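Engineer: please find the sequence and the predicted model below.
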Amino acid sequence: MKKLETEAVTVARIAGPNSNAKALQAAAQRLSFRRTRDAMPTKIETSRLTLRAPIRGDVPALTLLANNPNIAEKLSRLPSPYTSRDAIAFIEIFAQRPDERPYAITTHNGDFLGIVGFTFAMGQHPELGYWLGEPHWGKGLMSEAVKGLIEAAHATHLFPVIRARALTTNPQSIKVLEKAGFKNIGETNDVVGTNLGKPVFIFRLEQPR
């Protein structure tokens, strides 16, 4: 935390008084994301799964499973084709960002199955995202992973509302969200990534009081 505060002060001094407020705001934003991100447990256990931080050892399985157009066409931020370089960048750069909290979905034996996690954005509630390797579809594993993640998030009392999106043409993802208790609050066109312009449903989940 101190590092972020010091960074803001340094940037403000270099940029001058006109940029002081902007630099402090940016540092406060990163600090807020980091605080919420780090409140989540490092490991989450469910009946069949372990959710934990992605590691370099996941690269082969991550590359193999993510390099699938059937998955990429449903996601807004997954490169396609997906290479080992993409997997390494995800683990060493993307997963370390203060505005991201991804978990590797694995079996209790350590087999990598997919990814689930949260994205944080200024002025918005955290957004849930996920994907599961195609060989593991149809077994209820994604619903189990999402349920485990949400329960862990609610235990921190820092996630009063969680957002999610799903393509209107993706009934499997819609089913996962509805099973987890998310409510469909409307339809719009996606505004980011490779799904830009495609119709999506917007979902919202409020923590029970």
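Structural biologist: Nice, thanks for sending it over. Residues are numbered from 1 along each chain as shown.

Engineer: okay, and the helix or strand of the chain with the least pLDDT?
Structural biologist: helix 2-15 (a mean of 46; mean pLDDT, DSSP states H and E).

Engineer: and Leu49, bridged to which residues?
Structural biologist: Under DSSP bridges, the beta-bridge partners of Leu49 are Thr107.

Engineer: could you number the chain from 189 rather than 1 from now on?
Structural biologist: Sounds good: first residue 189 from here, last item Leu237.

Engineer: that one and Gly311, how far apart?
Structural biologist: For Leu237, the distance to Gly311 equals 32 Å [Cβ to Cβ, to the nearest Å]. The way it works is simple: take the backbone N, C-alpha and C, and place the C-beta from them, glycine included.

Engineer: tell me the domain boundaries of this protein?
Structural biologist: 189-227, 228-394 (automatic domain parsing).

Engineer: winner for burial among those domains?
Structural biologist: Mean neighbour counts were taken over the domains of the chain using mean count of other Cβ atoms under 10 Å, and the top value, a mean of 17, falls to domain 228-394.

Engineer: how long is that domain from one end to the other?
Structural biologist: Terminal residues of domain 228-394 are spaced 17 Å apart (Cα to Cα, to the nearest Å).

Engineer: same question, stretch 378-387
Structural biologist: 6 Å.

Engineer: what mean pLDDT does that stretch get?
Structural biologist: Taken as a whole, stretch 378-387 has an average pLDDT of 84.

Engineer: before we move on, what about stretch 284-294?
Structural biologist: In the prediction, stretch 284-294 has an average pLDDT of 96.

Engineer: residue ranges with poor pLDDT in this protein?
Structural biologist: Within the chain, the ranges that satisfy pLDDT under 70 run 189-207, 209-219.

Engineer: can you map out the strands along it?
Structural biologist: 231-233, 237-240, 288-295, 300-307, 315-320, 349-355, 371-377, 387-394 (DSSP state E).

Engineer: report all helices and strands that the first one contacts.
Structural biologist: Looking back up the chat, that one is strand 231-233. strand 237-240, helix 329-344 (3 or more Cβ pairs under 8 Å, 6 or more residues apart in numbering; DSSP states H and E).

Engineer: what's the spacing between the shortest one and its chain's center?
Structural biologist: When C-alpha coordinates are averaged (Cα atoms, centre = their mean, to the nearest Å), strand 237-240 and its chain have centres 14 Å apart.

Engineer: and that strand, C-alpha only, in PDB?
Structural biologist: The C-alpha coordinates for strand 237-240 follow below in PDB (Å, rounded to 0.1, in the frame of the first residue of the first chain):
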ATOM      1  CA  LEU A 237     -12.200 -28.100  -7.400                       C
ATOM      2  CA  THR A 238      -9.400 -25.900  -6.100                       C
ATOM      3  CA  LEU A 239      -9.300 -22.200  -7.200                       C
ATOM      4  CA  ARG A 240      -5.800 -20.700  -6.900                       C
END
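
Engineer: just the residues contacting it, thanks.
Structural biologist: For strand 237-240, contacts defined as Cβ atoms under 8 Å, 6 or more residues apart in numbering pick out 230-233, 291-296, 298, 301, 304, 329, 332-333, 336-337.
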